[in-house]
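Q: Got a sequence here, can you model it:
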Amino acid sequence: MGASSKVPALHSGVRILRHLARHGGPMPAAAVATELGLPRSTVYHLLAELEREGLVVHLPEERRYGLGIGAFELGTAYTRQAPLSRLTRPLLHRLVDDVGHGAHLAVLHGREVLYLIEERAPGSPSLVTDVGVRLPAHLTASGRAILAGLEAAQVRALFPDSSAFSDRHGAGPRSLSALRPMLSEVRRHGYATEYGEVTPGFGSVGVAARDHTGYPVAAVAVTFAVDSVAQEQWPTLAARIGRVSDELTRRIGGRPNDRGGR
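A: Next comes the predicted model:
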């Protein structure tokens, strides 16, 4: 179709929907306009159109707008079609053949990661990262890779106090002040790691895949017995995972990022 400037109303409408989805709750129209840098009159007009289509709902008592049932229907249709899983599965299969360790795809779901795909290497043991399993995002390589791509305010909203930091084996960050430098390291190197914090004796390396806005929509990770991969080899493993993540990013229309560890 070409540049989004050819359909500015559609582009702005999609931006509004994405903004409402990421905010975590209904918003005043004026706040939407300010945060997106759009004229208020344009935002009110587009919200009215989106409301007519059922994608947005107006809460008159609160003077706010939130996502409507139409947005939910689109989301569930996406789930039924499972395009992200379909696009990723052959990539994971090749990655497992390449590195000889199990790989998986995960997405962020609140403060947890939800595993959508697991490709197990021949002869490898069963792990907790099975399809449909949820684990604390701050403890996993997949979760850290995704969290590192979020804005600071989003991370703060997910982890407002120490009670948000669940524990599995007495390891991992227990506060936002401990998590922040870990995420800074992920951004610096371009990949995330986890060493025995999910399952003792096992480590993981993960890299986020991003959409066209740069938002981390998922993460590809490899899990292995820590005595089978020396830590000095982890950057090389991360580069292999990163190539798969970049390919997934391209497949969903995103922009691959440069990574310090590549």
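Q: What's the separation between the nearest residue to Arg251 once chain neighbours are set aside and Arg210?
A: Of all residues not flanking Arg251 in the chain, Leu87 sits nearest, at 4.8 Å (C-beta to C-beta, 6 or more residues apart in numbering). Any C-beta I mention is one placed from the backbone N, CA and C, and that applies to glycine too. According to C-beta to C-beta, to the nearest Å, Leu87 stands 14 Å off from Arg210.
Q: So between those two, which is more surrounded?
A: In this view Leu87 and Arg210 are compared by other C-beta atoms under 10 Å, and Arg210 has more residues nearby, 21 against 16.
Q: quick one: the more buried one and Gly254 touch, right?
A: Yes - applying C-beta atoms under 8 Å as the test, Arg210 and Gly254 come out as touching, 4.5 Å apart.
Q: in which helix or strand would I find the residue nearest to Arg251?
A: In the assignment (DSSP states H and E), Leu87 maps to helix 83-99.
Q: Could you point out the helix or strand that follows that helix?
A: The element immediately downstream of helix 83-99 (helix or strand, assigned by DSSP H and E) is strand 102-109.
Q: got the CA positions of that next one in CSV?
A: Taking Å, rounded to 0.1, in the frame of the first residue of the first chain, the C-alpha atoms of strand 102-109 are listed here in CSV:
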residue,chain,number,x,y,z
GLY,A,102,15.6,-27.3,23.0
ALA,A,103,14.1,-23.9,22.0
HIS,A,104,10.8,-22.2,22.7
LEU,A,105,8.7,-19.1,21.8
ALA,A,106,7.1,-17.1,24.6
VAL,A,107,5.0,-13.9,24.9
LEU,A,108,4.5,-11.6,27.8
HIS,A,109,1.2,-12.1,29.7
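Q: Low-confidence regions, this structure specifically.
A: Within the chain, the ranges that satisfy pLDDT under 70 run 1-6, 76-82, 257-262.
Q: Look up how far Gly70 lies from the residue sitting furthest away from the middle of the chain.
A: Farthest-out residue of the chain from its mean C-alpha position, per C-alpha atoms, centre = their mean: Glu61, at 33.2 Å. Here Glu61 is placed at a distance of 21 Å from Gly70 (C-beta to C-beta).
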